[in-house]
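Q: predicted coordinates and the sequence they were generated for:
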Amino acid sequence: MKKDSLEKIRKEVLNCKKCPLYKERGRHGYYPVIGEGREKTKIIFVGEAPGLNEAKTGRPFCGSAGKILDELFNSVKIKRESVYITNIVKDRPPKNRPPRKEEIEACVHYLARQIEIIKPKVICALGNYSTTYIMEKFGLKKKIQEISKLHGKIFQSKKMKIIPFYHPAAAIYNSRLKKILKNDFKKLLRDPDS
Ligand code: URA
């Protein structure tokens, strides 16, 4: 069988009809947001699902949540191009509602394959949905709690570290959360291999 690749995943997502969200794409002329960044990276960021700006451009975190994410990257001198950024769900749920269980179930195998290809040392889970999926997938189900209890903690799973963060969108109008996010991002200043 041909080796899996990010390009193969890209082509599959473009033709994917596994959940009803693909219809939104056709109806509005949206793009799926597959992922962006460097394949050979130690850090991957996993958000929830594309918002309107993301669906219009096909790029993750390019709207107001993306501005916060860029600010967080700047605060720890990480270049956006040096990491990989994606979401658990690749198509925009209507009206920015949270992704449904069946949508997540239909879509997450793409993320699982992206992680398998990239083999990051650190997975940064942005928000509740991403944290729950990532912790379940990597054997940390028993440690799942609300994001308010998990944010900024480093969990070890096999050869990877998993760090849950508040979702950057939560900090758009909440300076207290932005401060917490900035502080939690400092965990990324550590050597990903250590
Ligand atoms: N929120 C997300 O979770 N992902 C994006 O790509 C944009 C906003």
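A: Now that the structure is in, tell me what you want to look at.

Q: make it CA atoms for all contacts and neighbour counts henceforth
A: OK.

Q: what does the protein have sitting close to the ligand?
A: Selection of the chain residues close to the ligand by CA under 6 Å from any ligand atom yields 47, 48, 49, 50, 51, 54, 60, 61, 65, 87.

Q: farthest pair in those?
A: 65 and 87 (12.9 Å; CA to CA).

Q: of the two, who's got more company?
A: Neighbour count, other CA atoms under 10 Å: between residue 65 and residue 87, residue 87 has more, with 25 against 18.

Q: then the helix or strand bottoming out on mean pLDDT in the chain to CSV, C-alphas only?
A: Every helix and strand in the chain was compared by mean pLDDT, DSSP states H and E; the lowest is helix 21-28, with a mean of 91. Once non-C-alpha atoms are left out, helix 21-28 reads as follows in CSV (Å, rounded to 0.1, in the frame of the first residue of the first chain):
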residue,chain,number,x,y,z
LEU,A,21,-20.8,19.3,6.9
TYR,A,22,-19.4,18.9,3.4
LYS,A,23,-22.8,20.2,2.1
GLU,A,24,-22.1,23.5,3.8
ARG,A,25,-18.9,23.7,1.7
GLY,A,26,-20.8,23.4,-1.5
ARG,A,27,-23.6,25.7,-0.5
HIS,A,28,-21.4,28.6,0.5
